[in-house]
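Student: When you get a sec, could you give me coordinates for this:
(one chain, ligands or ions: 1)
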Amino acid sequence: MSEQHDLILKVEELKTSFDLGSRVVNAVNGVSFTVKKGKTLGVVGESGCGKSVTAHSILQLLPRLGKINAGQITYYGEEKAVVLNQLERNGRKMRSIRGKEISMIFQDPMASLNPVYTIGNQLCEPLLHHESISKKEAVDRAVEMLSLLGIPSALTRLKDYPHQFSGGMKQRVMIAMAMVCNPKLLIADEPTTALDVTIQAQILELMKNVQKQFNTSVILITHNMGVVSDMADEVVVMYMGKIVEFGTVEQVLSCPQHPYTRALLRSVPVLGIGRSNRLETIRGNTPDPSEIPEGCAFAPRCDFATDQCRTAPSQTDEGQGHLVRCWNLEEVRKG
Ligand SMILES: Nc1ncnc2c1ncn2[C@@H]1O[C@H](COP(=O)(O)OP(=O)(O)OP(=O)(O)O)[C@@H](O)[C@H]1O
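Tutor: Numbers count the residues shown, from 1 in each chain. Below you'll find the predicted structure:
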């Protein structure tokens, strides 16, 4: 099978910035990755590293000041490949892809649930808009999806408004809304951050089941390495708008190569990995995104930095597609 048939999305050298007048924020700085059909790609990194802006760029949902300056985002749907960033932002084609083919779960459920419409209304609306089905069929599909996501008495609950659901239930409704049209690609931006750990685990499990049932590809944005190890097949690690490491979950979590990934893993608990060790913080802060240092942006915080790091490191394959962007890997490995 050719690579292309295997892929649902290919992002090449994406650059997205915000022109704030007095300064330009380079939020995404030449990012390339692919998402395979039916697989989950985890995107991790500290707050502000460009995870959400990457996601919003894919769907052309950037705020007014945000602009894709370079790169290509190719979606391989059922028809021929479409370059998403060449489509008109709110044109017919982009709108038909958004929600139907590619959908998104946002961090905050209330950002996507409309308080003045019932859940049933909000779940059926995209179905009736994108598919030629009857109202009755739409209701059946909505009930099926809510039930799959563990919402009891789904048919009755269609009449309820968002405020009548608890936080965890709202998040399930949001996932149902994102999945109801059976999208090929789901972008989940910190879908469970606001929830307590038990509910988070339940929801992720339900999401996994629905994904398996419909063979959905997922981009899962999170700063939680535990969630990545549980959910993802492959993972990219972002730092200041760039990908510093990419590999399978096994490669990146069990055998991290980049000093930033290593530091990130030492700073968060991951089930089964390094449990006996104390958690550490990453020294220093992320730089101002309008003043990203030349060369490797992590160098000012890195214990292994050398003069060479003033030049941007190229990406190397450390074996079986495990890609890393660092000049000093030998030293890092010696630790
Ligand atoms: N509307 C905006 N206007 C100006 N700058 C923005 C805007 N949205 C995002 N940015 C900047 O772009 C950079 C990347 O932000 P982004 O939201 O993608 O980070 P993130 O990795 O998703 O972080 P978090 O985990 O906190 O959501 C940040 O420096 C952020 O301040």
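Student: buried residues in stretch 283-298?
Tutor: Using 16 or more other Cβ atoms under 10 Å as the test for burial, stretch 283-298 gives Thr286, Pro289, Ile292, Gly295, Cys296, Ala297, Phe298. Placement of C-beta: from N, CA and C, glycine included.
Student: does that stretch come close to the ligand?
Tutor: Yes: judged by Cβ under 6 Å from any ligand atom, stretch 283-298 comes into contact with the ligand at Pro289.
Student: And the contacts of that stretch?
Tutor: For stretch 283-298, the surrounding residues in contact (Cβ atoms under 8 Å, 6 or more residues apart in numbering) are 20, 23-27, 29, 46-49, 239-242, 244, 258-260, 299-302, 305, 309-313, 325-327.
Student: Quick one, which of these are buried?
Tutor: When neighbours are counted using 16+ other Cβ under 10 Å, the contacts of stretch 283-298 contain these buried positions: 25-27, 29, 46, 48-49, 239-242, 244, 258-260, 299, 301-302, 305, 309, 313, 325-327.
Student: Identify those among those residues that sit within helices.
Tutor: Those of the buried ones among the contacts of stretch 283-298 mapping onto helices are Pro259, Tyr260, per DSSP state H.
Student: Of the buried ones among the contacts of stretch 283-298, which belong to strands?
Tutor: Secondary structure assignment (DSSP state E) places Val25, Asn26, Ala27, Asn29, Tyr239, Lys242, Val244 from those within strands.
Student: Let me know the closest of these to the ligand.
Tutor: Comparing these against the ligand with Cβ to the nearest ligand atom places Ala27 closest, at 3.3 Å.
Student: quick one, what contacts the residue nearest to that closest one when sequence neighbours are not counted?
Tutor: On the basis of Cβ to Cβ, 6 or more residues apart in numbering, the spatially nearest residue to Ala27 that is not a chain neighbour turns out to be Val53, at 4.1 Å. When contacts are counted by Cβ under 8 Å, 6+ apart, Val53 touches Thr16, Ala27, Val28, Leu62, Gly66, Gly241.
Student: shouldn't the first one be in contact with Ala27?
Tutor: In other words, Thr16. Yes: assessed by Cβ atoms under 8 Å, Thr16 is found in contact with Ala27 at 5.5 Å.
Student: list residues touching both of these two?
Tutor: Residues touching both Thr16 and Ala27 (Cβ under 8 Å, 6+ apart) are Gly50, Val53, Gly66.
Student: picking that back up, any chance of TSV for the buried residues of stretch 283-298, columns distance to Lys93 and secondary structure?
Tutor: Listed next are the buried residues of stretch 283-298 as TSV, based on distance: Cβ to Cβ, whole Å; DSSP: H, G, I helix; E, B strand; the rest coil:
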residue	distance to Lys93	secondary structure
Thr286	36	coil
Pro289	31	coil
Ile292	34	coil
Gly295	40	coil
Cys296	39	coil
Ala297	35	coil
Phe298	38	coil
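Student: Tell me the one among the residues you listed nearest to the ligand.
Tutor: Minimum separation from the ligand among these (Cβ to the nearest ligand atom) is found for Pro289, which lies at 3.7 Å.
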